Structures are given as structure tokens and as C-alpha cells.
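Asks: I'll drop the sequence and a predicted model, then ask my questions.
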Amino acid sequence: MKYYLYSLLGGIINTLLLAGTLSAGAQNNTDSLYREPYRPQYHFSPQKGWIGDPCGFMYYQGKYHMYWWGKVESSDLVHYQEITPYAMTGADANIGYFTGSAVIDKNNTAGFGKDAYIAAYTVFEKDSKKQAQGISFSHDGKTFHYYEGNPVIDIWSTEFRDPTVFWYEPTQQWVMVVAKALEKKIKFYTSPDLKNWTWASDFGPVGDSEKSWECPDLFQLPVDGNSDEKKWVMVVSVNWAQEQYFIGDFDGISFKLVENHPTEPLYVDKGLDFYASRTFRDFDHTLDSTVSMGWVATWDYAQFVPSEYGKGFWSVPRTLELKTYKEGLRLIQQPVEQLKKLRYQPVAVNRSLSPGVQNIPGFAPGENIYELDASFSTDVSNVFGFNLCVGDGRKVVVSYDTDSHNLVIDRTHCAAVSIPKFSRMSYTRVEPIDNKIRLHIFVDKSSVEIFANDGKEVFTLLTYPGESQTGIEVFAQRKGTRMVLNAWMLRSIWK
């Protein structure tokens, strides 16, 4: 795994990032800016260079703050202002910075000043390959200074990484969750001051424990919309390719699964390209929902994708909930409501599908920048779905079988370029709800995100179609299925 490319705040590659501040629409100095081939038009990507794991996500002073090797801010999670390239200072040349998180130290527990920004991350020693946990501090959220007492946690391991830190009010302690990667464990530590840490407990292995665990996050969500009843959710990235989640209780020391938690893995996203998501920590205490974003990539081919501006981007922001179903509690993800402001040229279709393949009446986008929200009846035996990114003999197929309840996503013949290990498809059982299946689909220049059945099942995948692959088709094998569809073009956030 090329983990050097995967770090938090990597000053070692700041040369890949342009200096200065760029806001959406503020510096559209040339026709080509943000119009490079495969550049997402409503997902965040940096102006230039790599983007890796989401890090240090927080809501503070009325803004969403997001870090990777750089920093970006947003007031609405739709439009983004990229800040001067982020630089960690003070470490010697043998130190690299890996994935981590950030907090606001409102009570000056660490002694760096009231309301200091504190970044917690993995300190990587290049010569020994050792991974330990360290901190840096900042007074402006842009330039962070290396703490001379680093590392703050060191167990002499080469597979110990990606801390998430948060304040646990009942015990008046900071909590760190950090992965012991190849042991498939999450370690819990507590601290009064972010400098001196005490081991509290371990969690795992459980669920998907095939290869590796990393990038843990831990947060509370209300159950069925009831703010008086909450459960904790732990998200863990696994096998360098997916995320699984666990639902349980947390007492500041240890995480325990809820009763009757399934033994089989619960996956956050069942598509082909979603990893290392983070939730926003609300330091203003004004948000009424929990929102996350993930890295749209997979390490098998992340370095080989054909985008010209750089590599990688983040998913659309997702609102998270817990909802009770007959099989138990499940994580629900929905695209944030703010994305609706990008819609224009609406089209509505309500019809019974005919056998064969048809275009969507009145909806023929010239670019892959649009949204579909479709509901299909499932009371008649049929196979139906969409062909997306159609053109030049290529397409992405999204099909549903009412008999097997399988949702199949096939991108084996979609990309206009050759990408190693990219030709893949996924099969997932998706049960109808009230004899219907809803597919809420976001198509961008090089990706598709599908929220099925109000976000109970989510699928994210890269596509990389050619510029002429903009066709959309709906198909059915037999008659009798009714489709209710709303479709919109989406404005570019960069114009």
C-alpha cells in the first residue's frame, strides 16, 4: 500500500498544490480552470495534486473545516474555498504525517492557548517505518506547529495509525480511537490534556477481519429520529477498499456492541470506491445532524486513474441516521439537502415501462452532471434499470431483479481508458419497501453515487467515461413495471 500518499497534511507534497486562495467562481481566470477531463463538477477536488483521506473534519465559527494535505472551508457543504496549502512545521526530515483528526481545545487543556486547533495524527518514521501518534497545534487553523514532546503514544509498531480524537463530556476526558491495523483492532486511549494518554480498552477483531483495519471514527446518532435515544456508531475502513460499521454503546472507556448485533459485516457503502470517511465534529454546538464525507477511490488503482488535474476527490456530503428495520438497527445515509440548490431544468416522468430500452423523454444531458430520483414498482416479475454514461459502445448498467432482489452495478465496459483492475461489478441484495425500490442517483463527470431505498443501501463507484458518453437509458425485460422519475441537471460549483 502506498501509504506515503495517504497521510494527513503532507507537507512533503505541498509542491503539488498551488499557493494562494481559490474559491468556487472567484478565480475563474481561464476557460480551462476546473474543466479538465474527469474533474468532478459538484464534488470537492483540490485545484491540483492528490487528495487523500478526509482529516480533521469540524464545524467551527460557522464554517465547515476540512483537511487533507491541504485545507478547504465551506459555509454550505456545496461550495468550497480552498485555503493556502497547508503546512506542518517543526518535524525533522525523517518524519512523515499520516491520517488523523483535529479538535478545538476550548478549555486550553493542552496549554497551547484557549481555542487552539490541535491536530492528532500518525507520526511516521521513514527510516524505521514505525508508526506512533503525535500532535501539532495552531492558532489560525492553517499553520500547525509540531509538538516537541511527540510522539504522545508510542507502542513501537509499524501498523498503528489514523487516530480520531474527541472530547467525552461525562468523564471530562479526551478520547482517542486508533487502529492496530493488521491485528484488526481499535485501541481506545484517554487523556486530560492531549499530551498524556492512558490505554483504556481494545475492540475487535469482529465482522470483516480479513486483511486490515484503519481510519476509525466513532460518533453518536439518534435512533429513529429520537434525540433522547442514541447509539454510538464505529466506522472502520477495511482491506484498503471498504468500510464496515458497528452499532453499540460507549462509556468513555470501551465500546460494546448492541444486543443481537449481526455477526456478518455491515458495510457503509456497497459500491466499488468509498473509503476513509469522517464525520464533522460540531464545536459550535449548533448543527442538528451528523454529516460525513468519504474518499472516492480504491487503492488497487487510485494512482492510475486518468484525471489530469490530480488524483482523487471526496463524496457528496451525507447526513447519517440510525433507523430500525425488522432485521435491526441500520445506518441510513442521505445526500445533504443543500445539494438541491444546484438543480435546474427539472423533468418528471410517470409511466409504465415497455419491454426493451428507451430514452427518458425530455431529459438528454450534454454532460454527466445530473441527478435522478426514481421509484419502481416491484409487484410484477421483471428486470429493469438504467444504462448510464452511454456512448461509443460503453455504459454503466444499474439493474434490479424483482425475483432475486439483486441490485447489480456493472461498470466492466464503461471507462474510456485502460485502468488496471478497474473492470468490476457488484451484486447486492436490496429488499423492496412497500413493493417499491427507490434509486436516488448522482452522476458526475467521473463517478456515480446511488442511494437506494432512502439511503439504507449506498453505492459509490468511479466511471471515467469518454466525453461523448452522456446517454441515459431506461430498460425493462417485460411490461408491467411503473416508474416515477424526477430528474435534474446540476450546476457546476466551480462556475
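Replies: Sure thing, it's come through.
Asks: neighbours around residue 313, how many?
Replies: 24 (other C-beta atoms under 10 Å). (Glycine included, C-beta is placed from N, CA and C.)
Asks: Hmm, residue 47 and it touching each other?
Replies: No - the criterion here is C-beta atoms under 8 Å, and residue 313 misses it with residue 47 at 11.8 Å.
Asks: At which residues are the strands of the stretch 301-450 of the chain located?
Replies: For the stretch 301-450 of the chain, applying DSSP state E, counting those that start in this stretch gives strands covering 310-311, 318-325, 328-335, 343-352, 356-359, 370-377, 383-391, 394-401, 406-410, 425-429, 436-444, 447-452.
Asks: residue contacts, the closest residue to residue 113 other than its chain neighbours?
Replies: Closest residue to residue 113 apart from its sequence neighbours, by C-beta to C-beta, 6 or more residues apart in numbering: residue 139 at 6.2 Å. By C-beta atoms under 8 Å, 6 or more residues apart in numbering, the contact set of residue 139 is 112, 113, 116, 117.
Asks: Which pair of those spans the longest distance?
Replies: With distances taken as C-beta to C-beta, the most widely separated pair in the contacts of residue 139 is 113 and 117, at 9.7 Å.
Asks: Neighbour count for those two, which is higher?
Replies: The neighbour comparison of residue 113 against residue 117 (other C-beta under 10 Å) goes to residue 117, with 25 against 12.
Asks: name the element that one belongs to?
Replies: strand 116-125 (DSSP states H and E).
Asks: can you dump the C-alpha coordinates of that strand into PDB?
Replies: The C-alpha coordinates for strand 116-125 follow below in PDB (Å, rounded to 0.1, in the frame of the first residue of the first chain):
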ATOM      1  CA  ALA A 116      -6.300  26.300  19.800                       C
ATOM      2  CA  TYR A 117      -6.600  24.000  16.900                       C
ATOM      3  CA  ILE A 118      -5.000  20.600  17.800                       C
ATOM      4  CA  ALA A 119      -4.200  18.100  15.000                       C
ATOM      5  CA  ALA A 120      -3.700  14.500  16.100                       C
ATOM      6  CA  TYR A 121      -2.100  12.200  13.500                       C
ATOM      7  CA  THR A 122       0.200   9.300  13.000                       C
ATOM      8  CA  VAL A 123       3.900  10.200  13.100                       C
ATOM      9  CA  PHE A 124       5.700   8.000  10.600                       C
ATOM     10  CA  GLU A 125       9.400   7.500  10.900                       C
END
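Asks: quick one: average pLDDT of it?
Replies: Strand 116-125 shows a mean pLDDT of 98.
Asks: which residues does residue 313 contact?
Replies: 40, 43, 44, 45, 51, 296, 447.
Asks: May I ask which two of these are separated the most?
Replies: Across these, the longest distance by C-beta to C-beta is 13.4 Å; it joins 51 and 447.
Asks: Between these two, which is the more surrounded one?
Replies: Set residue 51 next to residue 447 and count neighbours by other C-beta under 10 Å: residue 447 wins out with 24 against 21.
Asks: what's that one in contact with, if anything?
Replies: The contact partners of residue 447, taken as C-beta under 8 Å, 6+ apart, are 40, 43, 273, 296, 313, 460, 461, 462, 463.
Asks: which residues of the stretch 101-250 of the chain fall in strands?
Replies: With DSSP E, counting those that start in this stretch as the criterion, the stretch 101-250 of the chain has strands at 116-125, 131-138, 143-146, 153-157, 160-168, 173-180, 185-191, 198-203, 213-223, 226-238, 242-250.
Asks: Show me what the shortest one is packed up against.
Replies: Contacting strand 143-146 under the criterion 3 or more C-beta pairs under 8 Å, 6 or more residues apart in numbering; DSSP states H and E are the following elements: strand 87-89, strand 131-138.
Asks: How many neighbouring residues does the closest residue in space to residue 328 that isn't next to it in sequence have?
Replies: Once flanking residues are discounted, residue 328 sits nearest to residue 260: 6.3 Å by C-beta to C-beta, 6+ apart. Taking other C-beta under 10 Å as the neighbour definition, residue 260 ends up with a count of 9.
Asks: One more: residue 244?
Replies: For residue 244, the count of nearby residues is 20 (other C-beta under 10 Å).
Asks: That one: what's it in contact with?
Replies: Residues near residue 244 by C-beta under 8 Å, 6+ apart: 207, 208, 235, 236, 238, 265, 266, 267, 268.
Asks: what residues are up against the spatially closest residue to residue 367 that is not a sequence neighbour?
Replies: In space, residue 367 comes closest to residue 470 once its chain neighbours are excluded; the distance is 6.0 Å by C-beta to C-beta, 6+ apart. Residues near residue 470 by C-beta under 8 Å, 6+ apart: 365, 366, 367, 368, 389, 390, 391.
Asks: repeat that for 7 Å
Replies: By C-beta atoms under 7 Å, 6 or more residues apart in numbering, residue 470 lies in contact with 365, 366, 367, 368, 391.
Asks: Of those - the most surrounded one?
Replies: residue 368 (23 neighbours).
Asks: and the nearest residue to it once chain neighbours are set aside, what are its bridge partners?
Replies: Ranked by C-beta to C-beta, 6+ apart and with sequence neighbours excluded, the top spatial neighbour of residue 368 is residue 443, at 5.0 Å. Note on residue 443: beta-bridge partners by DSSP bridges are residue 370, residue 448.
Asks: just the contacts of residue 470 now: which is nearest residue 283?
Replies: Checking the contacts of residue 470 against residue 283 by C-beta to C-beta gives residue 368 as the nearest, at 36.7 Å.
Asks: these two touch, right, the closest one and residue 389?
Replies: Yes - between residue 368 and residue 389 a contact is recorded at 6.0 Å, counting by C-beta atoms under 7 Å.
Asks: okay, and the common contacts of the two?
Replies: Residues touching both residue 368 and residue 389 (C-beta under 7 Å, 6+ apart): residue 465.
Asks: ok, now which ones touch the residue most central in space within the chain?
Replies: The chain has residue 294 as the residue nearest its centroid, 1.2 Å off, counting by C-alpha atoms, centre = their mean. Residues in contact with residue 294 (C-beta under 7 Å, 6+ apart) are 54, 274, 275, 276, 277, 314, 315.
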